[in-house]
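Novice: pasting the sequence and the predicted model now:
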Amino acid sequence: MTDNILLADLLLPNITKEPEYYENLYPARNLPEGARVTRIAPSPTGYLHLGTLFAALVNRITATSSGGVFYTRIEDTDKKREIKGGIEDIIDGLNRFSVEIDEGFFSGTNQKGEYGPYKQSERAEIYQTYVKKLIKEGLAYPCFCTAEELEEVRNIQESRKIRTGYHGEWAKHRNITYAEAKELIDQGKPFVIRLKSPGNEQNKIIFEDAVKGKIEMPENDEDFVLLKSDGIPTYHFAHAVDDHLMHTTHVLRGDEWISSVPKHIQLFKILGFKPPKYGHISPIMKLDGGAKRKISKRKDPEAAVHFFAEQGYMSECVIEYLMTIAASDFEDWRRANPDKSYKDFKFNLKKMSVSGALFDPVKLIDVSKNRVCRLSSTQMYSLVTDWAKEFDKEFYEILTRNPDYTKAVFAIDRDVPKPRKDIAKWNEVKEYFSYMFDELYSPDFTLPENISKEAAVAFLNEYKSVYSDTDDKQTWFNKIKEIAPKLQFASETKEYKANPEKYKGHAGDLSTVLRIAITGRRNTPDLCSIMQVLGKDRCIERIENAVRG
RNA sequence: GGCCCGGUGGUCAAGAGGCCUAAGACACCGCCCUUUCACGGCGGUAACACGAGUUCGAAUCUCGUACGGGUCACCA
């Protein structure tokens, strides 16, 4: 036993605190019964992607639904893979998607809360304190194996078809003595600290996963690394120490972690910690060719959450869509509560899908349209200009030149009982309303086959003289109906349908002619409103222009 | 390969042994409404991976097979 204490002091001479110090520093949270403490622990090795956002959302809503706390912790223990700006991108992204952060990093550089620091690189001493304790107890030891040695062992294991890894008799330094360790250290040999796993591969551990249900796995017998040679912990060890000290109740993370659970549970047990409840979330998949596969940061542009911002999806629409994947009962709830925030939804992990859902852009569009159509023209104006300012400068200039005019454009067929559902994202707006802005207007005057050019021109010339921009919708259409008979068109569609051979067409056809003349398109929202917003002068001008063309 | 996990229409899914002749939503198609288009309304196409077993009865329970996914680092 004294050997272990000597070893501990030899390996971690600068660690003088005892675990009790931290246990007292971070007392239990003062939270009501049943409150869940969740977290998202991103590593700044890339930008915020859909999977991370999804996991964050699930953690967030789990905390919210139980009156708990959701915090962020930066897992920057892999200095090699870290990219600059990673933390900022992830935290800012969470903020942009209104995934509210109660504690931890709430911006790229700022953290708050009583359980910090919330960045693992700033917690080295804490981890080392616990490692030192394990060494003293004979539950951890230094390993001096080089990458080459490890590789060699692995090759032997593979060739003999036995389970690979650093375990049992293959764990070379498992029983290293103080004297041996001292000698190697004196030689300047680098080392890692490994767990002296008390596990037996023959034993099973059973745990209840909050989303997948009961899972049975072999106990861990691998002497995995706790502290890397740079003194920084591996994920596994940091997870155990941090989630214990930060009093996480529910660890909800991607299901790629599921195979590590035996390691984690073992660690909690050895350290004398109460393990959290685990819930493993299935990844969001994507269809590639004919095959389903996990959505990938590298291959799929939509994996980077930034993609949605560029396209002009409202962040709440993306969240709304993600909620439909996260909770099978969300859509029913939404129908019953169209105006509530998703935050009011009572989320239940049991309602999560066990298998990975395919990311469905079509469904996202539908969700978006249903949200966008409920926006007021003023809200539209503010959202679209904000987007354009960042992603389409030219359009931004056009939109903001005359805000009242732009708002009037957005008001067309909006704020009515049956709003249109044409727009899903802001990068569609420019094209959708291009005819409302002279510099974007590029008309196509092609007429439908059933209408002759002569008839169209005759109608337009006639119409020009009667148009008034103060007419209401009914009067406006009546004027078209009045002209119709003069050109052998039926005033009423029914009349025409009853005797198509008697007419060249009907009033509806003439309104199409007018629509084409004014907007250069066959399909648009309400023409009367469009013409009112455009103003009489521009309408007449466009009609004349169309007649010439 | 070892160890885990998964499976209902094209997609998301409801489903806890009889209420399943299998819900709903998205998409698609048709009809109606209608000055275009949308919206809305009505209707339609389309699914329990396969094979054994348990049972009076299986989408549901058990076991196999094939398939899909994850994981086997001093990465998280």
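Specialist: Done, it's in. Residues are numbered from 1 along each chain as shown, chains lettered A, B, ... in the order given.
Novice: and the lengthiest helix in chain A, how far from the chain's centre?
Specialist: Taking DSSP state H as the criterion, chain A has its longest helix at helix A:50-66. Taking the mean of its C-alpha atoms, helix A:50-66 sits 10 Å from the chain's own mean (CA atoms, centre = their mean, to the nearest Å).
Novice: partners of the helix or strand following that helix, with directions?
Specialist: Counting by DSSP states H and E, the next helix or strand C-terminal to helix A:50-66 is strand A:69-72. Strand A:69-72 pairs in its sheet with strand A:37-40 (parallel), strand A:103-105 (parallel), by DSSP bridges.
Novice: strand A:69-72 and RNA strand B in contact?
Specialist: No: with CB under 7 Å from any atom of the strand as the measure, strand A:69-72 is seen stopping short of RNA strand B, the closest distance being 12.3 Å. Placement of C-beta: from N, CA and C, glycine included.
Novice: how about A:Ile398, nearest residue that isn't a chain neighbour?
Specialist: For A:Ile398, ignoring the flanking residues on the chain, the nearest one in space by CB to CB, 6 or more residues apart in numbering is A:Phe437 at 5.2 Å.
Novice: nope, A:Leu227 is what I was after
Specialist: A:Ile193 (4.0 Å).
Novice: with A:Leu94 instead?
Specialist: Using CB to CB, 6+ apart, the nearest residue to A:Leu94 is A:Ala56, at 5.7 Å.
Novice: list the contacts of the one you found.
Specialist: A:40, A:94, A:99 (CB atoms under 8 Å, 6 or more residues apart in numbering).
Novice: for it, give its distance to A:Ala326.
Specialist: A:Ala56 sits 11 Å away from A:Ala326, going by CB to CB, to the nearest Å.
Novice: dihedrals phi and psi, the residue nearest to A:Ile398?
Specialist: Dihedral angles of A:Phe437 (phi, psi; degrees, to the nearest 10) stand at phi -120, psi 120.
Novice: and whatever residue of the stretch 351-500 of chain A ends up closest to RNA strand B, how many neighbours?
Specialist: In the stretch 351-500 of chain A, the residue that lies nearest RNA strand B is A:Ser353 (2.8 Å; CB to the nearest atom of the strand). A count of nearby residues for A:Ser353, using other CB atoms under 10 Å, gives 13.
Novice: just the helices from the stretch 351-500 of chain A, written as ranges.
Specialist: A:361-372, A:377-391, A:393-401, A:403-411, A:429-432, A:453-466, A:473-483, A:493-498 (DSSP state H, counting those that start in this stretch).
Novice: which of the residues in the longest one are buried?
Specialist: Put plainly, it is helix A:377-391. A:377, A:380-381, A:383-385, A:387-388 (16 or more other CB atoms under 10 Å).
Novice: likewise stretch A:267-280?
Specialist: Buried-residue list, stretch A:267-280, by 16+ other CB under 10 Å: A:267-268, A:270-271, A:273, A:275-280.
Novice: which of those residues fall within helices?
Specialist: A:267-268, A:270-271.
Novice: contacts only, for A:Val384.
Specialist: A:312, A:399, A:410, A:426, A:429.
Novice: quick one: low-confidence ranges for chain A?
Specialist: A:1, A:289-290 (pLDDT under 70).
Novice: 80 instead?
Specialist: A:1-2, A:287-292, A:296-299, A:301-302, A:415, A:496-501, A:549 (pLDDT under 80).
Novice: break it into its domains for me.
Specialist: A:37-122+A:297-372, A:124-281, A:377-429, A:453-548 (automatic domain parsing).
Novice: list the contacts of A:Leu10.
Specialist: Counted by CB under 8 Å, 6+ apart, A:Leu10 has contacts A:178, A:181-182, A:185.
Novice: same check on A:Thr406?
Specialist: A:381, A:385, A:399-400 are the contacts of A:Thr406 under CB under 8 Å, 6+ apart.
Novice: do the same with A:Tyr496
Specialist: A:Tyr496 neighbours (CB under 8 Å, 6+ apart): A:489-490, A:503, A:505-506.
Novice: got TSV for these, with distance to RNA strand B and neighbour count too?
Specialist: Below are those laid out as TSV (distance: CB to the nearest atom of the strand, whole Å; neighbours: other CB atoms under 10 Å):
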residue	distance to RNA strand B	neighbour count
A:Phe489	11	24
A:Ala490	11	24
A:Tyr503	14	19
A:Gly505	10	23
A:His506	7	20
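Novice: among those, which are in strands?
Specialist: Secondary structure defined by DSSP state E assigns A:489-490, A:505-506 of those to strands.
Novice: among those residues, which one lies nearest to A:Thr512?
Specialist: When these are compared for distance to A:Thr512 (CB to CB), A:Gly505 wins out at 8.9 Å.
Novice: dump the residue contacts of the closest one.
Specialist: A:450-451, A:455, A:489-490, A:496.
Novice: how much space separates it from A:Ile516?
Specialist: 14 Å.
Novice: for A:Glu114, same thing?
Specialist: Counting by CB to CB - A:Glu114 and A:Ile516 are separated by 67 Å.
Novice: those two: who's more crowded?
Specialist: Each of A:Glu114 and A:Ile516 has its neighbours counted (other CB under 10 Å); A:Ile516 has more, 22 against 10.
Novice: alpha carbons of the helix or strand hosting the more buried one, in PDB - could you do that?
Specialist: For A:Ile516, the host element (DSSP H and E) is helix A:507-519. What follows is helix A:507-519, C-alpha atoms only, in PDB (Å, rounded to 0.1, in the frame of the first residue of the first chain):
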ATOM      1  CA  ALA A 507     -63.000  36.600 -67.900                       C
ATOM      2  CA  GLY A 508     -60.600  34.500 -66.000                       C
ATOM      3  CA  ASP A 509     -58.500  34.200 -69.200                       C
ATOM      4  CA  LEU A 510     -58.400  37.900 -69.500                       C
ATOM      5  CA  SER A 511     -57.300  38.300 -65.900                       C
ATOM      6  CA  THR A 512     -54.500  35.900 -66.800                       C
ATOM      7  CA  VAL A 513     -53.600  38.300 -69.700                       C
ATOM      8  CA  LEU A 514     -53.500  41.100 -67.200                       C
ATOM      9  CA  ARG A 515     -51.500  39.200 -64.800                       C
ATOM     10  CA  ILE A 516     -48.900  38.400 -67.400                       C
ATOM     11  CA  ALA A 517     -48.800  42.000 -68.500                       C
ATOM     12  CA  ILE A 518     -48.300  43.300 -64.900                       C
ATOM     13  CA  THR A 519     -46.100  40.600 -63.400                       C
END
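Novice: now do it and helix A:453-466, the angle between them.
Specialist: 80 degrees (axes from the mean of the first three to the mean of the last three CA atoms, to 10 degrees).
Novice: so which bits of the stretch 51-200 of chain A are right by RNA strand B?
Specialist: Residues of the stretch 51-200 of chain A lying near RNA strand B (CB under 7 Å from any atom of the strand): A:75, A:77-78, A:81, A:145-147, A:150, A:154, A:161, A:163-166, A:190-192.
Novice: narrow those residues to just the buried residues.
Specialist: A:75, A:77, A:145, A:165-166, A:191-192.
Novice: among these, which lie within strands?
Specialist: Among those, the residues falling in strands (DSSP E) are A:Val192.
Novice: with distance to A:Asp537 as extra columns, can I get the buried ones among the residues of the stretch 51-200 of chain A next to RNA strand B in a markdown table?
Specialist: Output for these, formatted as a markdown table (distance: CB to CB, whole Å):
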| residue | distance to A:Asp537 |
| --- | --- |
| A:Glu75 | 63 |
| A:Thr77 | 67 |
| A:Cys145 | 84 |
| A:Gly165 | 81 |
| A:Tyr166 | 82 |
| A:Phe191 | 84 |
| A:Val192 | 79 |
